[in-house]
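1. with the input below, show me the fold.
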Amino acid sequence: MDKKTVGPKEGLAFGIIGLGLLMAFMPSAAQQIADLDFIESEPFAILLGATYVLALLVILAGVVVLVSKFDNTDQEE
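-> This next block holds a predicted model:
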């Protein structure tokens, strides 16, 4: 029986896909948050804050990729 584990390359790929999805839905989410009755902020300010948080996550992900060591050989048991 051939078992394949998820390695760092796949984890990195899913992380990048997740960040892309967050970027795609940020404008809509910012508008929905601004439309709430108890929020007194504009969508631009909410979107700007979310962009800063996402930028921090991307920078941290880049640092993790730089310091991690990837083994290109397939591990078979």
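
2. now the residue most central in space within the chain, nearest residue through space, not along the chain?
-> Ranked by distance to the mean C-alpha position of the chain (CA atoms, centre = their mean), the top residue is Leu19 at 2.8 Å. Residue nearest to Leu19 in three dimensions, not counting chain neighbours: Val58, with 6.2 Å by CB to CB, 6 or more residues apart in numbering. Yep, even glycine has a C-beta here, placed from its N, CA and C like the rest.

3. counting contacts, what elements does the top helix by length along the chain pack onto?
-> Ranked by residue count, the top helix of the chain under DSSP state H comes out as helix 8-34. Secondary-structure packing of helix 8-34 (3 or more CB pairs under 8 Å, 6 or more residues apart in numbering; DSSP states H and E): helix 43-67.

4. may I see the buried residues of the helix it packs on?
-> 43, 46-47, 50 (16 or more other CB atoms under 10 Å).

5. next: stretch 30-43.
-> For stretch 30-43, burial by neighbour count (16+ other CB under 10 Å) applies to 30, 34, 43.

6. tell me the spacing between the residue nearest to the last one when sequence neighbours are not counted and Ile46.
-> By that I understand Pro43. Spatial nearest neighbour of Pro43, chain neighbours left out: Ala34 (4.2 Å); criterion: CB to CB, 6+ apart. Distance, Ala34 to Ile46, using CB to CB, to the nearest Å: 6 Å.
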